[in-house]
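Undergrad: my questions concern the predicted model and sequence given below.
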Amino acid sequence: MTTARELVERTLAADQRRVSAAIAATVPREEPQRHLYELIDDLLQRPGKGFRASLCLASCRAFGGSDEQALDAAVALELLHSAFLVHDDIEDGATQRRGAAALHRSHGVALALNAGDGLCALALSSLARSAARQPPEVAAALVGEIAHLFRRTVEGQAWELGWIADGNFDISEADYFRMVLGKTCWYSTIHPCRLGALIGSGGSVKLDSIVPFGFYLGVAFQIRDDIDNLAPGAAGYGKDVGGDIVEGKRTIPMLHLLRNGSAAERDEVLRLSDPNAAEPAAERILRVRALMLKHRSLEYARDVADRFTSKAIAEARHAFAGAVGHVDVQYICAMALFVCGALRSEHSHDRVAMRASEASG
């Protein structure tokens with residue numbers, strides 16, 4: 001019997017191979033290479049999670065479509081994601097991305113910014129190819145989906161950047177969830193599923209039913225990513241460990257610590273998380289993380305992530321009502337557990353299978 005982990009590993013790997021080959025064919029081989037397309041190639045050849053594109057393909061299959069029908073849309077999602085990463089690293093002052101130097105560190109801010117814009121241009125070309133293969137009403141809907149994705153993502157980023165610029169730590173968890181809905185959920189989970197469902201069903205699916213599932217999944221994923229950022233020496237993490245602390249990110253562990261620490265600890269954390277603090281970054285990270293461990297902020301964040309993961313799995317029955325590809329719905333449910341770090345044992349397969357049966361029944 002195939003376990004949930006095996007299902008995810010097999011399907012995700014197959015989707016990644018398909019999308020990676022299509023992306024490689026998308027990058028132009030004409031000039032300018034050294035100052036544009038070599039930078040883009042450098043980033044795209046670094047292994048990423050690939051789950052956004054896979055969610056798009058799986059949702060298309062679930063509603064009766066084929067990989068070929070959704071491939072260009074999946075490529076557009078991955079190219080946009082890479083563009084966001086380039087710009088995000090510049091905004092955060094990050095030094096690493098996917099296990100190597102961030103593009104602005106290796107090639108300078110100007111060339112990196114332009115490479116990010118180039119990735120956006122390639123994404124639009126892929127979207128245009130996808131739209132050209134669809135009936136007019138589906139093509140128009142595809143363009144609307146990407147436009148909405150783009151706007152909501154930059155709005156979410158603006159919330160977070162604004163809090164840092166204003167030095168505002170008077171942030172509730174509800175504020176955090178609203179920010180993550182914009183910054184993460186729309187482009188990472190909601191729209192990938194909506195795009196696949198739109199293409200696979202030929203426009204017959206009610207796309208709004210996918211939003212709650214994608215929201216819960218996106219929040220759980222972002223919280224797990226926030227937790228991973230705090231794990232010293234995390235294997236394969238590929239980014240600046242502890243960077244969220246010195247960049248002043250308002251994460252669930254940080255908000256929990258500020259609520260539960262003493263007044264003196266709160267003042268210390270606020271000082272150490274200021275991006276302009278004088279102390280070395282490594283010292284600041286160690287001290288804040290020690291306080292998080294003391295107040296069990298990481299455990300609290302894991303509990304919140306697990307609750308949102310459970311909500312996502314439960315919501316799948318509504319998001320994928322009427323789906324005909326039961327194995328693909330099962331895969332999407334297993335993927336929800338996988339990307340949120342909840343797929344810890346083989347026994348979870350029974351629960352995934354049950355949820356998938358409900359979702360597709």
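TA: Received the coordinates, thanks.
Undergrad: now Glu173, nearest residue through space, not along the chain?
TA: The spatially closest residue to Glu173, leaving aside those adjacent along the chain, is Leu255, at 6.3 Å (CB to CB, 6 or more residues apart in numbering). C-beta coordinates here come from the backbone N, C-alpha and C atoms, glycine included.
Undergrad: isn't that neighbour up against Ala174?
TA: No. Look at Leu255 against Ala174 with CB atoms under 8 Å: they stay out of range, at 10.6 Å.
Undergrad: so where's this structure shaky on pLDDT?
TA: For the chain, the stretches with pLDDT under 70 are 232-239, 342-361.
Undergrad: residue with max distance from the center of it?
TA: For the chain, the residue at maximal distance from the C-alpha centroid (CA atoms, centre = their mean) is Ala264, at 34.9 Å.
Undergrad: how far away is that one from Val75?
TA: Noted for Ala264: a distance of 51 Å to Val75, by CB to CB, to the nearest Å.
Undergrad: Ala220 too?
TA: As judged by CB to CB, Ala220 and Val75 stand 25 Å apart.
Undergrad: kindly report the same for Ala123.
TA: For Ala123, the distance to Val75 - CB to CB - is 8 Å.
Undergrad: looking at the two, which is more packed in?
TA: A direct count of neighbours by other CB atoms under 10 Å for Ala123 and Val75 places Val75 higher, at 27 against 22.
Undergrad: who's in contact with that one?
TA: When contacts are counted by CB atoms under 8 Å, 6 or more residues apart in numbering, Val75 is found next to Val19, Ala22, Ile23, Thr26, Ala53, Ala123, Ser126.
Undergrad: so which of those residues wins on neighbours?
TA: Neighbour max across these (other CB under 10 Å) = Ala53, 30 neighbours.
Undergrad: these two touch, right, that residue and Ala76?
TA: No. Judged on CB under 8 Å, Ala53 makes no contact with Ala76 at a distance of 9.0 Å.
Undergrad: how distant is stretch 256-266 from the center of its chain?
TA: 29 Å (CA atoms, centre = their mean, to the nearest Å).
Undergrad: actually stretch 253-267, sorry about that
TA: 27 Å.
Undergrad: what about it, how long is it end to end?
TA: The first and final residues of stretch 253-267 sit 16 Å from each other (CA to CA, to the nearest Å).
Undergrad: show me the contact partners of that stretch.
TA: Residues contacting stretch 253-267 (CB under 8 Å, 6+ apart): 169, 171-173, 176, 226-227, 230, 244-245, 269-270, 273, 288, 291-292, 295, 297-298, 300-301.
Undergrad: at 7 Å instead, please
TA: 169, 171, 173, 176, 226-227, 230, 269, 291-292, 295, 297-298, 300-301 (CB atoms under 7 Å, 6 or more residues apart in numbering).
Undergrad: go on, stretch 178-195?
TA: Here stretch 178-195 makes contact (CB under 7 Å, 6+ apart) with 52, 55-56, 59, 73, 77, 80-81, 142, 145, 149, 152-153, 155-157, 159-160, 207, 210-211, 214-215, 217-219, 221-222, 319.
Undergrad: and those residues, which of them are in helices?
TA: Counting by DSSP state H, the contacts of stretch 178-195 place 52, 55-56, 59, 73, 77, 80-81, 142, 145, 149, 152-153, 155-157, 159-160, 211, 214-215, 217-219, 221-222, 319 in helices.
Undergrad: how about Ile146, nearest residue that isn't a chain neighbour?
TA: Leu127 (5.5 Å).
Undergrad: now do that neighbour against His107, distance only.
TA: 26 Å.
Undergrad: returning to that earlier point: tell me the buried residues within the ones in helices among the contacts of stretch 178-195.
TA: Buried residues within those, counting neighbours by 16 or more other CB atoms under 10 Å: 52, 55-56, 59, 73, 77, 80-81, 142, 145, 149, 152-153, 156-157, 159-160, 211, 214-215, 217-219, 221-222, 319.
Undergrad: before we move on, back to that, neighbour count winner among Leu127 and His107?
TA: Shown here are Leu127 and His107; by other CB under 10 Å, Leu127 has more neighbours (24 against 18).
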